[in-house]
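Peer 1: I'll drop the sequence and a predicted model, then ask my questions.
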Amino acid sequence: MKLKILEGALKEELLTTLRNRETSPKEFRENLERLGTLLISEALKDVKTRTVNLKTPVSEGNFRKISQEVVFIAILRAGLSLIPPAVNLYPKGRIGFIGTYRNERTLEPVNYYVKFPKVEGAKYIILDPMLATGGTAEQSIEILMENGIREENITFVSVVSAPEGIERLRRFKEATLITASVDERLNDYGYIVPGLGDAGDRFCGTDDVEVVESYGV
């Protein structure tokens, strides 16, 4: 897998705020959206373009416009946090969802919902703030490929990634991973260290209360 690690002082500032356990849910959402904007902007850099001729207020010339369809795939539920920056950056993008939860005993992903537009030749950008064991990312990429999406048209965007997850995705030679940080490791519970906690819980403001879960499976 082609690995791109976001660089820059602004990235570091935003990521440090997200890591801070004292950051409120409001601040967490705001800073996650800002960092998501940087990451998704990077993911859109290699979208195909075409030349168009048009007149500016002062002259005429040939300029570039995006010619490739873009599909954003949010991994539920944490991936929903990256949909706002995605559609703000590129409102023409289509949206799909893959619902996954992690079996806390095996740490393997279990799918309960899959729905996305199948568009020939489109760029598919999978959104999930955390790449931990890599099981969800691997399964999501496999789902796209099983439906005819070419590997080179798939980009996975995460905020923080664990080496274990990156290693699991190496078999996808033509896909791309874009992340703001490669952290140290996973702990015994499958969480990224130092990480930023459970991104889904912190985004939803459910990290300090009991959560009712039912997947119907």
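Peer 2: Everything's here; your move. The shown structure was predicted, so the numbers you read here are calculated from the model rather than taken from an experiment.

Peer 1: Go through the longest helix seen in the chain and flag the buried ones.
Peer 2: The single longest helix within the chain, with elements called by DSSP state H, is helix 25-43. Neighbour-count burial for helix 25-43 flags 28-29, 31-40, 42-43 (criterion: 16 or more other C-beta atoms under 10 Å). Every C-beta, even on glycine, is put in place using the N, C-alpha and C of the backbone.

Peer 1: likewise stretch 198-207?
Peer 2: Judged by neighbour count (16+ other C-beta under 10 Å), stretch 198-207 contains these buried residues: 198-204, 207.

Peer 1: Mind checking which of the residues you listed are in helices?
Peer 2: The members of these that map onto helices under DSSP H are 199-204.

Peer 1: Report the two of those residues separated the most.
Peer 2: Farthest-apart pair in these is A199 and C204; separation 9.4 Å (C-beta to C-beta).

Peer 1: Run through the protein and note the low-pLDDT ranges.
Peer 2: Within the chain, the segments meeting pLDDT under 70 span 107, 208-217.

Peer 1: same thing but at 90, please
Peer 2: Along the chain, segments meeting pLDDT under 90 span 1, 76-78, 100-112, 188-190, 197-217.

Peer 1: thinking D128 is in contact with F72, fair?
Peer 2: No. Using C-beta atoms under 8 Å, D128 is not in contact with F72; the gap is 11.4 Å.

Peer 1: tally of neighbours for A9?
Peer 2: Taking other C-beta atoms under 10 Å as the neighbour definition, A9 ends up with a count of 7.

Peer 1: The spatially most central residue of the chain and L32, how far apart?
Peer 2: In the chain, the centroid-proximal residue (C-alpha atoms, centre = their mean) is L127; its distance is 2.2 Å. Distance, L127 to L32, by C-beta to C-beta, to the nearest Å: 11 Å.

Peer 1: quick one: common contacting residues for those two?
Peer 2: Common neighbours of L127 and L32, using C-beta atoms under 8 Å, 6 or more residues apart in numbering, are L82.

Peer 1: Now do the helices in the protein.
Peer 2: Using DSSP H, helices in the chain cover 9-19, 25-43, 83-89, 135-146, 163-168, 199-204.

Peer 1: Those into TSV, with extra columns for distance to T56?
Peer 2: Formatted as TSV, those follow (distance: least, C-beta to C-beta, whole Å):
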stretch	distance to T56
helix 9-19	30
helix 25-43	24
helix 83-89	23
helix 135-146	39
helix 163-168	44
helix 199-204	41
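
Peer 1: closest to A175 out of those?
Peer 2: Comparing the helices of the chain by C-beta to C-beta, helix 135-146 comes nearest, at 6.1 Å.

Peer 1: Tell me the buried residues in that closest one?
Peer 2: For helix 135-146, burial by neighbour count (16+ other C-beta under 10 Å) applies to 135-141, 143-145.
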